[in-house]
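Colleague: quick check, what structure comes out for this input:
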Amino acid sequence: MAIIGFIGLGNMGLPMAQNLLKAGHEVCGYDVVPAARQAAASAGVRMAASAADAAREAEMVITMLPSGRLVLEVYPGILAVAALGTLFIESSTIDVASARAAHGLAGAAGMASIDAPVSGGVGGAAAGTLTFMVGGLGAAFARALPVLEKMGRKIVHCGDAGAGQAAKICNNMILGISMIAVSEAFVLGEKLGLSHQALYDVASTASGQCWSLTSYCPVPGPVAGSPANNAYKPGFSTALMLKDMLLSQAAAASAGASTALGQHAAAMYQSYADAGHAGMDFSGIINAIREQPAG
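Modeller: Numbering: from 1, shown residues only. A predicted model of the protein is given here:
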């Protein structure tokens, strides 16, 4: 079993680390937030005094941080103390340029690296059913695969450095747009006198079927586990969806791609967050759609 350094033990990182512990790995972790450190220690993670200390003895180092800026701030220190050839697994959701810069730093230091963002939310992290989208060399992917399989159910090698982040950004742009489409359909159905269950029963087995409908339905009732049944307590917060939508638009601008629906969806999530709902589940945007004037 491997010694794994884990930097970033928040809502996603801690359950991922716990699955590594269950698989028999030793996890040495660090987080800047005292409460996160306490929770991780209680879960059996061996806590380090700093990010560098978490990486010092590790065979692999996983980072799960809020932004590309933080990743690039942490990488020089942990690369400087890690043993030559250590595998770095960058699982944060960040911009493609920062992911590629992290690969460059790792390569210059003589380390192997992959970018491996995840999909599946906190529930998937706890259940070990995440999807990993991986970018990097095939040899690094092969080294990481047995460890990723302890945290996820589907692991896809998407291509070279940054390809994992590119896939994650594109996937979440689809998710953000589709949730708005589903929400608009339910609001229209309400105004036409259609019950939520009737619309769900039709669309979930017809051409309108999508994950936002069948797994995360934005109205209470049809899907038992959706946040709509729990007052939109977040499984995936509006703030996180907004982050991903803004990443998609920054990527579109840099690549010269037209993403008109993505742009409009990003603006809608921005307005919903600015109205005080950043901490609500992103599916709660249906409530903002209900309040919009027609036309």
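
Colleague: from here on, just use CA atoms for contacts and neighbour counts.
Modeller: OK.

Colleague: select the longest helix from this protein.
Modeller: When the chain is parsed with DSSP state H, its longest helix is helix 163-191.

Colleague: where's the residue of the chain most remote from its centre relative to residue 186, distance?
Modeller: Using Cα atoms, centre = their mean, the residue of the chain lying farthest from its centre is residue 193. It sits 36.6 Å away. Per Cα to Cα, to the nearest Å, residue 193 is found 10 Å from residue 186.

Colleague: residue 52 too?
Modeller: Taking Cα to Cα as the measure, residue 52 falls 50 Å from residue 186.

Colleague: residue 211 now?
Modeller: 15 Å.

Colleague: what about the two, which has more around it?
Modeller: Taking other Cα atoms under 10 Å, residue 211 and residue 186 do not tie; residue 186 has more neighbours (23 against 13).

Colleague: which residues does the more buried one contact?
Modeller: Contact analysis of residue 186 by Cα atoms under 8 Å, 6 or more residues apart in numbering lists 196, 199, 219.

Colleague: for residue 51, same thing?
Modeller: The contact partners of residue 51, by Cα under 8 Å, 6+ apart, come to 7, 29, 30, 31, 74, 77, 78.

Colleague: repeat that with 7 Å
Modeller: Contacts here follow Cα atoms under 7 Å, 6 or more residues apart in numbering; on that basis residue 51 touches 7, 30, 78.

Colleague: buried ones in the longest strand belonging to the chain?
Modeller: In the chain, with assignment by DSSP state E, the single longest strand is strand 152-159. Neighbour-count burial for strand 152-159 flags 152, 155, 157, 158, 159 (criterion: 16 or more other Cα atoms under 10 Å).

Colleague: again, but for stretch 52-67
Modeller: Buried residues in stretch 52-67 (16+ other Cα under 10 Å): 52-65.
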